[in-house]
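Q: here is the input, now give the coordinates:
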Amino acid sequence: MQQLIKGVRRFRTEVFPSKKALFADLAKGQSPIAAMISCADSRVDMQLVTQSEPGQLFWFRNAGNIVPPFGAVLGAASATIEYAMEALEIPNLIVCGHSDCGAMKGLLKQNLAETMPTVASWLRFADVPRQMVLGDPSMSEAERLDALVRENVLAQLAHLQTHPAVAVRLARGTLKMHGWVYDIETGEITAFDAQRGCFVPLDQEPLPHATPAPRSSALGGRP
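A: Sure, this is the predicted structure:
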């Protein structure tokens, strides 16, 4: 705790004064660049990785970067997504998985419910990608985990599209979706490219994204 307290003191005496104008503006409201759903893993600091300033990233964290389909659990995830889309009208929505994910490791264990029943219940929303990777006997344990991390990101992007606030924005063409995987050891990020159907380096041009095509001109989408 002493380390955390020292950090607070340094923030108040050094960091805050250097960004006083920024915090004065933020006190009046927020207009984030992106909403991000990532894992609660303490090694995953996406504000650091993206070099975001306060107010730029609307960040929701949970075990396994999971988003239940709409109506399955009307809890924190659904409320956060709805607020991001309706109240803040954030233009980008990111699901970010990461290497060596403990939640994904737990998903591959057979007896998880015996020791962590609440975690097991939450991870049921990643059961489809789990079944997909378990169905390939040619994979090594490490390959299966890496594949599960990527497939889970895609599954949660699909779940997001069941949320009305997201579906309407997609139909209107006012929202872009992104699926990322962050490698803790190398610092690299790969992103799902919907056009090519695979994960590619994030810094490629044009910027890879996972946005489905707008599908309803009646809602203001492109024809």
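
Q: quick one: which helix or strand includes Glu143?
A: Assessed by DSSP states H and E, Glu143 sits inside helix 141-160.

Q: if you count contacts, what does that helix end up packed against?
A: The criterion is 3 or more CB pairs under 8 Å, 6 or more residues apart in numbering; DSSP states H and E, and the helices and strands that helix 141-160 contacts are strand 92-98, helix 102-107, helix 127-134, strand 176-182, strand 189-193. In short, each C-beta sits where N, CA and C put it, glycine included.

Q: so which of those is the most surrounded?
A: Each of the helices and strands packed on helix 141-160 was scored by mean neighbour count; the highest is strand 92-98, a mean of 25, by mean count of other CB atoms under 10 Å.

Q: so what sits opposite Leu93 in the bridge?
A: Legend: beta-bridge partners of Leu93 under DSSP bridges are Ala35, Met177.

Q: can you tell me the SS state at the nearest residue to Leu170 once chain neighbours are set aside?
A: Across the structure, with CB to CB, 6 or more residues apart in numbering as the measure, the residue nearest Leu170 apart from its sequence neighbours is Pro212 (6.1 Å). Under the three-state scheme (DSSP: H, G, I helix; E, B strand; the rest coil), Pro212 adopts coil.

Q: who touches the helix or strand hosting Ala113?
A: Secondary structure assignment for Ala113, by DSSP H and E: helix 112-115. Residues outside helix 112-115 that contact it (CB atoms under 8 Å, 6 or more residues apart in numbering) are 106, 119-121, 123.

Q: what's the most distant pair in the residues you listed?
A: Put simply, by CB to CB the two of these set farthest apart are Gly106 and Ser121, 11.8 Å from each other.

Q: sorry, back to before: would you turn the contacts of helix 112-115 into a markdown table with distance to Lys19?
A: Written out in a markdown table, the entries for these read as follows (distance: CB to CB, whole Å):
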| residue | distance to Lys19 |
| --- | --- |
| Gly106 | 38 |
| Val119 | 37 |
| Ala120 | 42 |
| Ser121 | 41 |
| Leu123 | 38 |
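
Q: distance of Leu154 relative to Asn62?
A: Taking CB to CB, to the nearest Å as the measure, Leu154 and Asn62 are separated by 17 Å.

Q: repeat that for Trp122.
A: In this structure, Trp122 and Asn62 are 8 Å apart, going by CB to CB.

Q: one more: Met116?
A: In this structure, Met116 lies at 14 Å from Asn62, with CB to CB as the measure.

Q: quick one on the thing from earlier: ok, which of the helices and strands packed on helix 141-160 comes nearest Phe199?
A: Sorting those by CB to CB, the top spot, which is the nearest, belongs to strand 189-193 at 4.2 Å.
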